[in-house]
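A.B. asks: Provided below are the primary sequence and the corresponding predicted coordinates.
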Amino acid sequence: MTMWNLSFAPPIVIQAAVFARVPDGLRMARHSPWADANKQGQLVDCFLEGPAFSQDGALYLTDVPHGRILRVNAPDDWTVIADGLGWPNGLAIHQDGSLLVADYRHGIIRVDAATGALETVLGTRNSESFKGVNDLVFDSSGNLYFTDQGQTGLHDPTGRVYRHRVDGGLDCLVSNVPSPNGIALNAEGNVLFVAVTRANQVWRAPIMRDGTISKMGAFQTLFGTSGPDGLAPTADGGLVVAHASLGGAFVLNAAGEVTHYVRSPTGHNITNVAFKPGTSSLFLTESQTGTVLTAELPVCGASIYSHSSVTFD
């Protein structure tokens, strides 16, 4: 029996429900180099990632193999707002409404949500290309933390975590990660979490007053053919962890104990998670079926940079 927590009790299961699925008219069942490298050459008609809510309540998603950004206004109202990206993965929204995208091929890209115009924010580090950026998050001051995963793993533990400061500086915070994927900051902004997919762990590091990190350690260790993917912090210091092969997401408290498990009703590839700001409504991307799921959690999500000036009724 696995010990999930110090109560020696199994996690409480929360059944997720289908919110929406990618419409048939937007699915693209065609060959892609991304699927050759990551899905053994399968025809992948969409692969959802990067859920993020704008200030007007729309849900934005990335479609990795086809280089698209999707906007979901309602379950039956989907729009392609940008295409022509490389392999867009994580997505975070700036206070000015622009979308910042971790694009595996091109680095950090800014997308104008109104026009779909693309601008490279950070394409290289000291003229050297990134391995393949994956996910990103703003802190409360607008500094951008992001993971540089590439094809790293236990065989090649050289993935990196960076911080792009508002003054333009770029800090490499960690350089020995076997597949850094999702990234999050705790509610207070003084702890960094990184989903380490190939080690099947979530790493945790305090952020010191000078901005450096210290004593990074394994916060939680899971199992499965893949591992932790996207992360979403909770208001009480915990963390929701999407798992890319176990058909759901794990809810951790501030001590790293698994208290709840959010189960997918369809598909096993939960790639990312996001709270609707100001609520306890969790949204999950299930990429095996191209579906967005939702569930009500017993805790609200932490406040996020894009909505820090927004008040909720």
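C.D. replies: Happy to help now that I have it. Model, not experiment: these values are computed from the prediction. Residues are numbered from 1 along each chain as shown.
A.B. asks: report the beta-bridge partners for the closest residue to V133 other than its chain neighbours.
C.D. replies: Spatial nearest neighbour of V133, excluding adjacent residues (Cβ to Cβ, 6 or more residues apart in numbering): A102 at 4.2 Å. All C-beta spots, glycine's among them, are computed from the backbone N, C-alpha and C. Beta bridges link A102 to I108, judged by DSSP bridges.
A.B. asks: could you do P228 as well?
C.D. replies: Beta-bridge pairing of P228 under DSSP bridges involves H243.
A.B. asks: what is the neighbour count of it?
C.D. replies: By the criterion of other Cβ atoms under 10 Å, P228 has 32 neighbours.
A.B. asks: roughly how far does it sit from L136?
C.D. replies: Look at P228 and L136: by Cβ to Cβ, to the nearest Å, they are 16 Å apart.
A.B. asks: which residues touch the residue nearest to V133?
C.D. replies: 50, 88-91, 108, 133-136, 146-147 (Cβ atoms under 8 Å, 6 or more residues apart in numbering).
A.B. asks: could you work out the most separated pair of those?
C.D. replies: Pairwise distances among the contacts of A102 were taken by Cβ to Cβ; the largest, 14.1 Å, belongs to P88 and T147.
A.B. asks: can you pick the most crowded of the contacts of A102?
C.D. replies: Comparing the contacts of A102 on neighbour count, T147 comes out first with 31 neighbours (neighbours: other Cβ under 10 Å).
A.B. asks: per-residue pLDDT, it?
C.D. replies: With respect to pLDDT, T147 scores 98.
A.B. asks: with adjacent residues omitted, what lies nearest to the residue nearest the centre of the chain?
C.D. replies: The centroid of the chain falls nearest to G230 when counting by Cα atoms, centre = their mean (3.5 Å). Closest residue to G230 apart from its sequence neighbours, by Cβ to Cβ, 6+ apart: N272 at 2.9 Å.
A.B. asks: again with K131
C.D. replies: Sequence neighbours aside, G150 is the residue nearest to K131 in space, at 2.8 Å (criterion: Cβ to Cβ, 6+ apart).
A.B. asks: which ones are touching that neighbour?
C.D. replies: Residues in contact with G150 (Cβ under 8 Å, 6+ apart) are 130-132, 159.
A.B. asks: can you show me the strands along the stretch 1-150 of the chain?
C.D. replies: Counting by DSSP state E, counting those that start in this stretch, residue ranges of the strands within the stretch 1-150 of the chain are 12-15, 17-21, 48-53, 59-63, 68-74, 77-82, 88-93, 99-103, 107-111, 118-122, 124-125, 128-129, 133-138, 144-148.
A.B. asks: would you list the ones you listed in CSV and tack on distance to V258?
C.D. replies: Converted to CSV, the strands of the stretch 1-150 of the chain look like this (distance: least, Cβ to Cβ, whole Å):
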stretch, distance to V258
strand 12-15, 10
strand 17-21, 21
strand 48-53, 22
strand 59-63, 27
strand 68-74, 29
strand 77-82, 33
strand 88-93, 24
strand 99-103, 27
strand 107-111, 32
strand 118-122, 35
strand 124-125, 36
strand 128-129, 37
strand 133-138, 21
strand 144-148, 23
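A.B. asks: sorry, back to before: nearest to H31 among the contacts of A102?
C.D. replies: When these are ranked by distance to H31 (Cβ to Cβ), P88 comes first, at 18.5 Å.
A.B. asks: and the pLDDT for the closest one?
C.D. replies: pLDDT, P88: 97.
A.B. asks: my guess is it contacts G50. True?
C.D. replies: Yes - in this structure, P88 is within contact of G50 by Cβ atoms under 8 Å, at 6.9 Å.
A.B. asks: what sits in contact with each of these two?
C.D. replies: Here P88 and G50 share the contacting residues 62, 101-102, scored by Cβ under 8 Å, 6+ apart.
A.B. asks: quick one: the residue nearest to K131 from V18, how far?
C.D. replies: The gap separating G150 from V18 is 33 Å, by Cβ to Cβ.
A.B. asks: before we move on, what about V194?
C.D. replies: Per Cβ to Cβ, V194 is found 30 Å from V18.
A.B. asks: of these two, who's got more company?
C.D. replies: In this view V194 and V18 are compared by other Cβ under 10 Å, and V194 has more residues nearby, 28 against 15.
A.B. asks: so that one touches V161, yeah?
C.D. replies: Yes - between V194 and V161 there is a contact under Cβ under 8 Å: 5.9 Å.
A.B. asks: any shared contact partners between those two?
C.D. replies: Shared contacts of V194 and V161, counting by Cβ under 8 Å, 6+ apart, come down to 147, 174, 177, 180, 183.
A.B. asks: adding secondary structure and distance to N5, write those out as CSV.
C.D. replies: Listed next are those as CSV, based on DSSP: H, G, I helix; E, B strand; the rest coil; distance: Cβ to Cβ, whole Å:
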residue, secondary structure, distance to N5
T147, strand, 27
V174, strand, 27
V177, strand, 26
P180, strand, 26
I183, strand, 24
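A.B. asks: okay then, goodbye and thanks.
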